[in-house]
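> All I have is the shape, not the residue letters:
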């Protein structure tokens, strides 16, 4: 029911803005999933391996919209991705600034997706807690992207990165995908 209402609202918004709405074959009703699918550059499928930080429950945008590959290429400065290059991986949407970055992610998503689903590496390692990771406060360790809540928290994390990663690798899988957003 919620998907149908969302689809109706989305189609009404598109129509009101003057853009032609996609038409469903007669007798079919368009769902939010079908509308969303049209905007995805690639869908790699898969089920979530653990919780992924999003700004709100039900949101599917991972890494706050930042381009996961941008951390690893060029000057290594993270940039925001665009809707045009959205790749769905394990049920979450990752955005990319370029087609080349989207293709790199498609080839090796586990290489580029942030550790601990984008949650704070120190919080999961030190306290077995899910705290939001800030995409602008990060460290790449052994080819893996780790985010921290803030610069102050990162200062705590860098004191024992290997120890926090070892503990975080044990703690993180025990958390459910919607735990952070429980009512």
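That came through, no problem. On a predicted model such as this, the values are computed, not experimentally measured, just so you know. Residues are numbered from 1 along each chain as shown.
> need the contact list for residue 92.
48, 52, 54, 60, 61, 62 (CB atoms under 8 Å, 6 or more residues apart in numbering). Heads up, the C-betas are built off the backbone N, CA and C, glycines and all.
> farthest-separated two in those?
Pairwise distances across the contacts of residue 92 peak at 14.0 Å for 48 and 61 (criterion: CB to CB).
> more crowded one of these two?
residue 61 (19 against 14; other CB atoms under 10 Å).
> what about residue 104, helix or strand, and which?
Residue 104 is part of helix 99-107 when elements are defined by DSSP states H and E.
> who's residue 61 bridged to?
Counting by DSSP bridges, residue 61 is bridged to residue 93.
> from memory it sits against residue 53, does it?
No - in this structure, residue 61 is not within contact of residue 53 by CB atoms under 8 Å, at 9.9 Å.
> coming back round to it: helices or strands next to the helix holding residue 104 in the packing?
strand 82-89, strand 92-96 (3 or more CB pairs under 8 Å, 6 or more residues apart in numbering; DSSP states H and E).
> what's the closest of those strands to residue 160?
strand 92-96 (29.1 Å).
> now the closest one against helix 99-107, angle please.
Counting by axes from the mean of the first three to the mean of the last three CA atoms, to 10 degrees, strand 92-96 lies at 150 degrees to helix 99-107.
> Just give me how far strand 92-96 sits from the chain centre.
6 Å (CA atoms, centre = their mean, to the nearest Å).
> before we move on, what about stretch 167-180?
Distance, stretch centre to chain centre, for stretch 167-180: 16 Å (CA atoms, centre = their mean).
> how far does that stretch stretch from start to finish?
Chord length of stretch 167-180, first to last residue, is 19 Å (CA to CA, to the nearest Å).
> Which positions within that stretch qualify as buried?
167, 168, 171, 172, 175, 177, 180 (16 or more other CB atoms under 10 Å).
> Show only the entries of those residues found in strands.
Assigned to strands by DSSP state E, none of the buried residues of stretch 167-180 qualify.
> Could you report the distance from the nearest residue to residue 164 once chain neighbours are set aside to residue 169?
Take residue 164 and drop its neighbours on the chain: the residue closest to it by CB to CB, 6 or more residues apart in numbering is residue 125, 3.1 Å away. For residue 125, the distance to residue 169 equals 8 Å [CB to CB, to the nearest Å].
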